[in-house]
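*Asks:* what follows is a predicted protein model with its sequence.
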Amino acid sequence: MRNSNKNLTKREIDVLRLCAKGYTNIQIGDTLSISTHTVKAHISSILEKLEVSCRLLAVTRAIRCGIIDEEL
């Protein structure tokens, strides 16, 4: 990895943490007081920055890179 956090924003990291907990897009939106559309945009950005194709791989890579803790 070139950069340990791959330039994720604080909000993207918040979304990623909730993905790791198994939250749905609706639950993430409700928790963070943002729309489902915004959640989807954050997830798309996360996938691009972490160079992965799905949420599960994003969470796995984020844990390996130390972006989020394994113990949530």
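*Replies:* Cool, got the structure.
*Asks:* tell me which strands and helices the top helix by length along the chain is in contact with?
*Replies:* The helix spanning the most residues in the chain, taking DSSP state H as the definition, is helix 36-50. For helix 36-50, the elements it packs on are helix 10-20, helix 25-32, helix 55-64, judged by 3 or more Cβ pairs under 8 Å, 6 or more residues apart in numbering; DSSP states H and E. Just so you know, the C-beta spots here come from the backbone N, C-alpha and C atoms, and that holds for glycine as well.
*Asks:* contact partners of the shortest one?
*Replies:* Contacts with helix 25-32, where a contact means Cβ atoms under 8 Å, 6 or more residues apart in numbering, come from 11, 14-15, 18-19, 23, 34-36, 38-40, 43.
*Asks:* going by distance to residue 53, which of these wins?
*Replies:* Checking those against residue 53 by Cβ to Cβ gives residue 43 as the nearest, at 11.7 Å.
*Asks:* ok, how many other residues are close to that closest one?
*Replies:* As a burial measure, residue 43 scores 19 neighbours (other Cβ atoms under 10 Å).
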